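K.L.:
Everything below, folded, please.
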Amino acid sequence: MRFSIFHGTGAPGRLADYHQLMGEAREFAVAADRAGFWSIWYTEHHFGHEGQELTPNPVLMGVDIAARTSRIRIGQAASIVTFWHPLRLAEDLALLDQLSGGRVEVGVGRGLYGREALNLNPVADPRDQQKNRALFQETLEVLKAAWTGEFFSHKGDFFEFPAPGVKWNHPLSPPSPDFMTDGVISKMMVTPRPLQPQLPLWQVIDTPPSIEWAARNGVKGIFWLPPVSALKGRFELYRDAASEAAGREFALGEGIGLVRDVFVADTMEEARAGFEEAVMNTYRWVCHWRGLSNLMEDGEELTDAHELSYDFLHGRNQLVGTPEYVAEKIAELRDELNVRDLFLWTTHPGLEHRKAMRSLELFSEKVMPRFTGSQGADVTDAVAPGARS
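P.N.:
Sure thing, here's the model as predicted:
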């Protein structure tokens, strides 16, 4: 099993301390790198005056973290590709792959919040799911073509590259049928190309159409909320669609990453006391839009009797407690779902940095070695350059 970090940057009431939050994020990433975590992932959200979600550019965040680490892979969970110009995003991710020494994992999403989409790209309006999904899929087509390192052209419902009718005549760029037709640019090449031969693609998914589309198009899936019983059908749907598309049998859990809220302390009481306020803040924020339906067990009906609380969450999808308890819950994920990639979300908005670092230390030393066979690394002195500035 591979362990990764999902790093949600947020701090209600601390917008003036953004530079300090970045220092804390750097320190956490350096510690995770030292401890042997496989990857670290950053979100994309905009206009967050509430302080709940504070990373507008996961690619730029990844550049900073890549410069301070040596092994950990750099992902986005996710870059909201419908908000980006596809050629600019292709260039930026390829450049990040080059700067990081080939450590990029590309995570993509379609966008959830109207206040983001309508102010960044009205075409991506999530109220029109059909158009939003079509824009997302065409953007991915452009990204994949751009990363081949070859001349390409694209004409779809939303984009046409290269722009038609552009004449080209320069002595240092001799005319060639590779990219010109009758003196006009007819194909283009994005530079640099990624360092990796092929950038791994992941998508944050949950609904059957998204699960099937990702599986059939070679895109790995990232899940978060549902409990084990409700995840099983989703994992099986991904497995079946991926197997049919690839012409080989996928194992349950293959090609899937699972995000879980994780906090480790010496006792169950200390874990709850340290983590409850922060994790409940996140769920109050998220469930305002999503509701509680994604937190139901398989076959369970949502009723008015269901209320969001820590006790409601803890038995469904939380890995919060002693090292022994957290290890038992991870073993359940392994045994029931064959989870191969587990993403730990500890840094919920409002959680004190020292508590997040202590949880990471305990997980690295007392939980992770049970599943990787390695000795836990010492993360207590892993301070990134400038982390305390």
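K.L.:
Wasn't residue 52 part of a helix?
P.N.:
No: with DSSP: H, G, I helix; E, B strand; the rest coil as the criterion, residue 52 is located in coil rather than a helix.
K.L.:
residue contacts, it?
P.N.:
Residue 52 makes contact with 10, 12, 45, 281-282, 285, 349, according to C-beta atoms under 8 Å, 6 or more residues apart in numbering. Glycine gets a C-beta too; all of them are placed from N, C-alpha and C.
K.L.:
Of all pairs in those, which one is the farthest apart?
P.N.:
Within the contacts of residue 52, 45 and 281 form the most distant pair, 14.9 Å apart (C-beta to C-beta).
K.L.:
hang on, the earlier thing: please pick the buried ones from the contacts of residue 52.
P.N.:
Burial by neighbour count, 16 or more other C-beta atoms under 10 Å: within the contacts of residue 52 this picks out 10, 45, 281-282, 285, 349.
K.L.:
and the strand ranked longest in the chain, how far out from the chain's middle?
P.N.:
Longest strand of the chain, by residue count under DSSP state E: strand 256-264. Distance of strand 256-264 from the chain centroid (C-alpha atoms, centre = their mean, to the nearest Å) equals 12 Å.
K.L.:
helices or strands up against it?
P.N.:
strand 220-223, helix 228-246, helix 268-290, helix 310-317, strand 318-321, helix 323-337, strand 341-345, helix 353-362 (3 or more C-beta pairs under 8 Å, 6 or more residues apart in numbering; DSSP states H and E).
K.L.:
Now do the longest one against strand 256-264, angle only.
P.N.:
By that I understand helix 268-290. 140 degrees (axes from the mean of the first three to the mean of the last three C-alpha atoms, to 10 degrees).
K.L.:
Need the mean per-residue confidence for helix 268-290.
P.N.:
Across helix 268-290, pLDDT averages out at 96.
K.L.:
Would you mind pulling up the elements that that helix packs against?
P.N.:
strand 256-264, helix 310-317, strand 318-321, helix 353-362.
K.L.:
Likewise for the first one?
P.N.:
With contacts defined as 3+ C-beta pairs under 8 Å, 6+ apart, strand 220-223 has these neighbours: strand 201-204, helix 208-216, helix 228-246, strand 256-264.
K.L.:
Counting neighbours, which bits of stretch 15-31 end up buried?
P.N.:
By neighbour count with 16+ other C-beta under 10 Å, stretch 15-31 contains the buried residues 21-31.
K.L.:
Now do the residue positioned nearest the centre of the chain against residue 108, distance only.
P.N.:
Against the mean C-alpha coordinate of the chain, by C-alpha atoms, centre = their mean, the closest residue is residue 77 at 1.6 Å. Separation of residue 77 from residue 108 (C-beta to C-beta, to the nearest Å): 9 Å.
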